Structure formats: structure tokens, C-alpha cells
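A.B. asks: Predicted model and sequence follow; I will ask about them next.
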Amino acid sequence: GDRASIIKVKSETDFASRSETFSTFVQEIADAATAGDVNGDVDIGAFMASAKDSKGQVLSETLNDAILAIRENIQVDSMVIMKASSDK
């Protein structure tokens with residue numbers, strides 16, 4: 001595609017960030033971010049409350065599920081979405 005995202009997700013330990021649940025959660029965020037029309041810095045609260053994962057669940061719920069599964073706090077700290085320029 002012509003879009004990319006940089007997402008900063010915080011966890012309390014490196015154990016959490018190595019889990020499959022964490023990786024899947026971050027991938028869901030990245031997929032949702034690049035699927036939309038947003039460009040530039042993202043309002044995390046608004047994005048998490050409105051964007052949906054591949055199962056149609058709002059990402060804030062997906063975050064809660066990941067926290068329960070990993071048993072550790074996870075926070076989406078910041079995100080930037082970029083679209084490739086059509087200039088060549």
C-alpha cells in the first residue's frame with residue numbers, strides 16, 4: 001500500500017512485549033491505522049475508541065483483552081501515519 005504507521009506501545013516489562021498477544025495487538029493497530037484516511041499525528045484516544053480490529057471489535061476493547069491476557073499494563077503512547085507522495 002501507500003501508507004505506513006509508526007506506533008509506540010508501552011509495556012511494563014519486556015516479557016509482555018515478547019508475547020504473541022502483544023504482537024497481535026500491535027499488528028491490529030497498525031492494520032487499522034493504515035486502512036483509514038488519517039495522515040500525521042494521531043489522537044490516540046479518539047483512534048482507539050473508533051477504529052476496529054480485524055474482528056470488528058473497537059481497538060479500546062482489543063487493548064483491554066490484551067491487558068487481561070498478558071496480565072500487564074499496556075499503553076498506546078503515540079502514533080504517526082504517513083501516506084506516500086504521488087510525486088515522482
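C.D. replies: Nice, thanks for sending it over.

A.B. asks: What's the local residue count around residue 15?
C.D. replies: When counting by other CB atoms under 10 Å, one arrives at 12 neighbours for residue 15. In this view, the C-beta of every residue, glycine as well, is placed from N, C-alpha and C.

A.B. asks: Please, which helix or strand holds it?
C.D. replies: Using DSSP states H and E, residue 15 sits within helix 14-17.

A.B. asks: Give the closest residue to residue 58 in space, chain neighbours not counted.
C.D. replies: residue 52 (5.8 Å; CB to CB, 6 or more residues apart in numbering).

A.B. asks: how about the one you found, what does it touch?
C.D. replies: With contact set as CB atoms under 8 Å, 6 or more residues apart in numbering, residue 52 has these partners: 32, 58, 59.

A.B. asks: and it, what pLDDT?
C.D. replies: At residue 52, the pLDDT value in this model is 95.

A.B. asks: Quick check: the gap between residue 59 and residue 2.
C.D. replies: Applying CB to CB, to the nearest Å, the value for residue 59 to residue 2 is 22 Å.

A.B. asks: which of these two has more neighbours?
C.D. replies: Comparing residue 59 with residue 2 by other CB under 10 Å, the one with more neighbours is residue 59, at 22 against 9.

A.B. asks: Pull the contacting residues for the more buried one.
C.D. replies: By CB under 8 Å, 6+ apart, the contact set of residue 59 is 28, 29, 32, 47, 48, 49, 51, 52, 53.

A.B. asks: Centre-most residue in this protein?
C.D. replies: By CA atoms, centre = their mean, the chain has its centre lying nearest to residue 29, at 2.5 Å.

A.B. asks: Sticking with it, tell me its helix or strand.
C.D. replies: helix 20-35.
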